[in-house]
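Participant: A structural model of the following input is requested.
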Amino acid sequence: MVSTALERLQALQGSLRAVDNVAKNYRKKFRIAVIGSGNWGTAVAKIVAENAAEKKSLFEHEVRMWVRQEKVGDMNLTDIINLHHENVRYLPEVRLPDNLVADPEIRNVAEGADLLVFNLPHQFLGSVCDQMKGIDFSRSSAISCLKGLNVSAQGVELLSNVVEEKLGLHCGVLSGANIASEVAREKWCETTVAYPLPKWYKPGEIDEDLIKALFHRPYFHVQVSSDTAGVSIGGALKNVVAIGAGLVEGAGWGDNAKAAVMRRGILEMIKFGVTFFPGTLPETFTNESAGVADLITSCAGGRNVKVGRAFARTGKPLEEIEKELLNGQSAQGIITAREVHELLSEKNMLNEFPLLVAIYEVAHGKLHISQLPDRIAD
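Facilitator: Just a heads-up that it's a prediction; the model follows:
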């Protein structure tokens with residue numbers, strides 16, 4: 001038994017060495033840009049800046065981060081970040097690497113970047129991409145860390161596809177059980193990256209090994225998947241399910257009810273994936289951090305469960321609760337729940353996703369929470 005444990009430890013150490021020493025001949029040192037600077041955006045920027053500083057043969061030293069300019073006291077937030085190496089607005093008391101540079105001009109950040117890391121509320125993605133139109137991204141790639149979907153009554157698409165369509169960037173995704181404050185304080189966790197190679201790929205270009213080298217840290221372990229849709233859907237719909245978990249918690253129903261919501265939630269997440277994105281792998285939702293692990297973490301205490309809990313206790317509108325509780329951050333499940341409801345209504349599929357529909361209706365005063373168990377009963 002001891003020898004087995006030692007063998008596993010040696011295998012893990014070998015894996016970490018492989019991540020730190022990617023023995024490939026890449027065409028250049030790659031420049032990294034981060035688009036977004038909320039708490040999760042800043043936490044991810046910290047990770048990639050640390051790796052850029054350490055892996056000098058792979059990445060350019062400086063990492064630029066786009067920050068929507070705002071005042072904190074009488075100073076610009078960008079100036080505070082660059083002078084004091086701390087995002088006091090969205091990730092306070094976390095020291096940021098010296099090679100991470102905040103810039104309020106998005107085109108300054110994006111021009112010349114080989115890999116763009118998108119990390120902002122998903123409802124702003126389209127308008128942010130529009131600000132970068134005209135930049136030559138012909139040999140650039142992207143990773144979307146956003147947790148949402150582009151949903152309307154007409155259909156649904158992955159946010160990585162939005163990036164590809166608007167900017168011509170090949171875009172992968174990163175998602176997992178990653179509470180920003182814990183990641184920023186270097187508490188160990190796992191995440192999932194999906195980066196299928198683009199059709200134009202040639203040896204020496206950005207590949208999944210380089211992506212793993214950019215994000216993997218001793219405290220942030222990266223698992224690689226080929227299922228872009230599954231990773232994306234898990235990150236989006238878990239926010240809606242987490243609101244449901246908050247609703248039953250706020251109603252005082254206890255952990256058993258919360259577990260029931262989570263169980264039904266994972267089933268409907270899988271069904272949504274295979275229904276709207278044929279080829280989605282059900283095992284992504286059960287085997288990867290981007291699936292059930294992310295759902296468990298979000299339902300334990302993320303933004304969305306806080307909003308659902310407060311709604312059940314106060315009855316205040318979700319948007320008002322969001323402003324009161326989240327310090328300028330967004331509970332993405334609010335928007336995603338509405339968008340998914342519109343899609344299912346248009347497709348005449350409301351009866352096929354009873355939990356997702358019931359969460360939306362309870363949170364908007366169309367269904368009393370006492371009716372939720374009967375609504376989702378098998």
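
Participant: so where's the stretch 1-150 of the chain uncertain?
Facilitator: Counting by pLDDT under 70, the low-confidence segments of the stretch 1-150 of the chain come to 1-23.

Participant: in it, which spans are helices?
Facilitator: 2-20, 39-54, 77-84, 106-110, 125-130 (DSSP state H, counting those that start in this stretch).

Participant: so how far is the helix or strand hosting Glu165 from its chain's centroid?
Facilitator: Using DSSP states H and E, Glu165 falls within helix 159-167. Mean-position distance between helix 159-167 and its chain equals 16 Å (CA atoms, centre = their mean, to the nearest Å).

Participant: quick one, domains of this structure?
Facilitator: In the assignment given by automatic domain parsing, the structural domains of the chain cover 2-226, 230-376.

Participant: Reformat the ones you listed as a markdown table; add mean neighbour count.
Facilitator: To be clear about C-beta, it is placed using only N, CA and C from the backbone, and glycine gets the same treatment. Formatted as a markdown table, the entries for the domains of the chain read as follows, by neighbours: other CB atoms under 10 Å:
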| stretch | mean neighbour count |
| --- | --- |
| domain 2-226 | 18 |
| domain 230-376 | 20 |
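
Participant: residues making contact with stretch 281-300?
Facilitator: The contact list for stretch 281-300, computed with CB atoms under 8 Å, 6 or more residues apart in numbering, reads 175-179, 189-192, 223, 225, 227, 230-231, 234-235, 238-239, 241-242, 245-246, 258, 261-262, 265-266, 269-270, 273-274, 304-305.

Participant: 7 Å - rerun?
Facilitator: Contacting residues not belonging to stretch 281-300 are listed as 175-177, 179, 190-192, 223, 225, 227, 230-231, 234-235, 238-239, 241-242, 245, 258, 262, 265-266, 269-270, 274, 304-305 [CB atoms under 7 Å, 6 or more residues apart in numbering].

Participant: from those, which ones fall inside strands?
Facilitator: If you go by DSSP state E, the contacts of stretch 281-300 have 175, 190-192, 223, 225 in strands.

Participant: Name the nearest of those residues relative to His61.
Facilitator: Using CB to CB, the shortest approach to His61 within the ones in strands among the contacts of stretch 281-300 belongs to Thr191, at 23.9 Å.

Participant: Can you verify my assumption that the closest one contacts Ile179?
Facilitator: No. Between Thr191 and Ile179 there is no contact, the gap being 11.4 Å when judged by CB atoms under 7 Å.

Participant: re the thing from before, for the helix holding Glu165, name the packing helices and strands.
Facilitator: helix 125-130, strand 141-144, strand 149-152, strand 170-175, helix 228-250 (3 or more CB pairs under 7 Å, 6 or more residues apart in numbering; DSSP states H and E).

Participant: Would you mind giving those as a markdown table with distance to Phe285 added?
Facilitator: Supplementary listing: those in a markdown table, determined by distance: least, CB to CB, whole Å:
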| stretch | distance to Phe285 |
| --- | --- |
| helix 125-130 | 23 |
| strand 141-144 | 18 |
| strand 149-152 | 15 |
| strand 170-175 | 11 |
| helix 228-250 | 6 |
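
Participant: Least confident of those, on average?
Facilitator: Between the helices and strands packed on helix 159-167, the one with the least mean pLDDT is strand 149-152; it has a mean of 86.

Participant: what does it rub up against?
Facilitator: 156-159, 162, 232, 236, 336, 339-340, 342-343.

Participant: how does it look with 6 Å?
Facilitator: Under the contact criterion CB atoms under 6 Å, 6 or more residues apart in numbering, strand 149-152 has outside partners 156-157, 159, 162, 236, 339-340, 343.

Participant: Determine which two of those are furthest apart.
Facilitator: Going by CB to CB, the two entries of the contacts of strand 149-152 that are most distant from one another are Val162 and Val340, at 16.5 Å.

Participant: what about Arg338, distance to Asn304?
Facilitator: 13 Å (CB to CB, to the nearest Å).

Participant: Same question for Ile296.
Facilitator: Counting by CB to CB - Ile296 and Asn304 are separated by 13 Å.

Participant: Could you list the alpha-carbon positions for stretch 348-357 in CSV?
Facilitator: As requested, C-alpha coordinates have been extracted for stretch 348-357 and formatted as CSV (Å, rounded to 0.1, in the frame of the first residue of the first chain):
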residue,chain,number,x,y,z
ASN,A,348,-41.7,24.1,-26.8
MET,A,349,-39.4,22.2,-24.5
LEU,A,350,-40.4,23.6,-21.1
ASN,A,351,-41.7,20.2,-19.9
GLU,A,352,-38.4,18.5,-20.7
PHE,A,353,-36.3,20.6,-18.3
PRO,A,354,-38.6,21.0,-15.2
LEU,A,355,-35.9,22.0,-12.8
LEU,A,356,-34.3,24.8,-14.9
VAL,A,357,-37.8,26.1,-15.7
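
Participant: tell me the mean pLDDT over that stretch?
Facilitator: Here the mean pLDDT over stretch 348-357 is 97, rounded to a whole number.

Participant: next one: stretch 280-290
Facilitator: Per-residue scores along stretch 280-290 average to 97.

Participant: Same check on stretch 338-345?
Facilitator: 94.

Participant: For that stretch, report the contacting residues that lie outside it.
Facilitator: For stretch 338-345, with CB under 6 Å, 6+ apart as the criterion, the contacting residues are 151, 153, 156, 350, 353, 356, 360.

Participant: Just the ones of those residues in strands?
Facilitator: Judged by DSSP E, the contacts of stretch 338-345 include 151, 156 as members of strands.

Participant: any chance of the contacts of stretch 338-345 in JSON lines, plus distance to Leu116?
Facilitator: As requested, those are arranged in JSON lines below (distance: CB to CB, whole Å):
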{"residue": "Val151", "distance to Leu116": "23"}
{"residue": "Ala153", "distance to Leu116": "30"}
{"residue": "Val156", "distance to Leu116": "23"}
{"residue": "Leu350", "distance to Leu116": "37"}
{"residue": "Phe353", "distance to Leu116": "33"}
{"residue": "Leu356", "distance to Leu116": "31"}
{"residue": "Tyr360", "distance to Leu116": "32"}
